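>>> Provided below for reference: sequence and predicted model.
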Amino acid sequence: MIISRQKDLAVLFEGLSSDDAFFVVGCGKCAEKLRVGGQREVEEISHRLVERGLRVVGSRVISTACSINSWEETVSEMPEIDDATVLLVMACGNGVSMISKASQMKTLPVLDTTSIGGVCHGYIIHEQCAACAECNTHLYHGLCPTAQCPKGLQNGPCGGSIDGTCEIGIERSCVWSQIYEEAEKCGSLKVFTKLHPPKDHSKKVRREGILEKI
């Protein structure tokens with residue numbers, strides 16, 4: 001699941017022109033689950049736009065913003081989108097990019113994408129994966145220091161970690177403290193006795209381009 005949050009609406013609205021006609025698009029997957037881009041949020045944004053004197057021609061929550069096989073099929077039940085000059089998309093950055101490519105319309109994001117995470121037992125869990133293309137969480141008892149350590153350290157905590165908290169703030173746990181706790185439960189602390197090389201960031205780059213036929 002891709003974690004997103006709503007932008008500062010005051011800043012967003014300042015960048016919108018009264019000369020445009022807006023269509024608001026939500027995403028029925030991650031954004032709806034996180035309650036940042038479902039039907040209620042789409043209606044709320046549309047209402048706020050109208051309150052500011054902006055023209056909203058319609059809105060819709062589509063099934064999956066990041067997976068569009070046919071734009072014509074997607075908009076077949078939304079004829080009012082033809083009257084729009086700008087799409088406001090309540091989805092992750094990936095969804096915004098896909099809709100922009102498919103629609104060939106001016107497309108603006110309403111959300112900020114923060115991390116790859118998930119929802120568990122009613123809580124949003126942030127920063128579970130860094131999409132590094134070199135997953136080594138098996139070394140760290142299922143935890144990802146690349147994503148959860150602000151410095152991406154692969155060989156233990158930094159000197160700023162104090163009593164299991166990260167140096168950037170006491171409200172944030174040090175992932176290496178969590179890794180130690182999990183390792184201790186398993187009776188295996190070998191992760192702390194081996195040197196792990198830095199990540200090979202070249203693996204994340206697709207040299208053959210960004211398009212791949214499926």
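Right, received. Where do you want to start? Residues are numbered from 1 along each chain as shown.
>>> from here on, contacts and neighbour counts on C-alpha atoms
Fine.
>>> now do the strands in the chain.
2-6, 21-27, 55-62, 86-90, 106-109, 111-120, 123-129, 165-166, 169-173 (DSSP state E).
>>> okay if I get these as a markdown table plus mean neighbour count, distance to Asn69 and mean pLDDT?
A markdown table is the format used below for the strands of the chain (neighbours: other Cα atoms under 10 Å; distance: least, Cα to Cα, whole Å; pLDDT from 0 to 100):
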| stretch | mean neighbour count | distance to Asn69 | mean pLDDT |
| --- | --- | --- | --- |
| strand 2-6 | 21 | 20 | 96 |
| strand 21-27 | 25 | 15 | 97 |
| strand 55-62 | 20 | 12 | 96 |
| strand 86-90 | 25 | 18 | 98 |
| strand 106-109 | 18 | 18 | 97 |
| strand 111-120 | 16 | 23 | 93 |
| strand 123-129 | 16 | 26 | 92 |
| strand 165-166 | 20 | 43 | 95 |
| strand 169-173 | 13 | 40 | 89 |
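>>> got a markdown table for those, with distance to Thr137 too?
Output for these, formatted as a markdown table (distance: least, Cα to Cα, whole Å):
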| stretch | distance to Thr137 |
| --- | --- |
| strand 2-6 | 18 |
| strand 21-27 | 29 |
| strand 55-62 | 33 |
| strand 86-90 | 31 |
| strand 106-109 | 32 |
| strand 111-120 | 14 |
| strand 123-129 | 9 |
| strand 165-166 | 20 |
| strand 169-173 | 18 |
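>>> can you check which of those strands gets nearest to Glu80?
With Cα to Cα as the measure, strand 55-62 is the member of the strands of the chain nearest Glu80 (6.3 Å).
>>> what pairs with the closest one, parallel or antiparallel?
Strand pairing for strand 55-62, using DSSP bridges, gives strand 21-27 (parallel).
>>> just give me how far the lowest-mean-pLDDT helix or strand in the chain sits from the chain centre.
Sorting the helices and strands of the chain by mean pLDDT, DSSP states H and E puts helix 71-74 at the bottom, at a mean of 87. On the basis of Cα atoms, centre = their mean, to the nearest Å, helix 71-74 sits 24 Å off its chain's mean C-alpha point.
>>> what sits up against it?
If you take Cα atoms under 8 Å, 6 or more residues apart in numbering as the criterion, helix 71-74 is touched by 62, 68, 102-103.
>>> between these, which is nearest Lys190?
Distance to Lys190 across the contacts of helix 71-74 (Cα to Cα) is lowest for Ile68, with 45.2 Å.
>>> got phi/psi on the closest one?
Backbone torsions of Ile68, given as degrees, to the nearest 10, read phi -120, psi 110.
>>> what's the burial count for it?
17 (other Cα atoms under 10 Å).
>>> can you check the pLDDT for it?
In this prediction, Ile68 carries a pLDDT score of 90.
>>> my guess is it contacts Ser103. True?
No - if you go by Cα atoms under 8 Å, Ile68 and Ser103 don't touch, sitting 10.0 Å apart.
>>> buried residues, the least confident helix or strand of the chain. List them.
Of the residues in helix 71-74, those buried by neighbour count under the rule 16 or more other Cα atoms under 10 Å are Thr74.
>>> with stretch 197-210 instead?
Lys199.
>>> fine, thanks again, bye for now.
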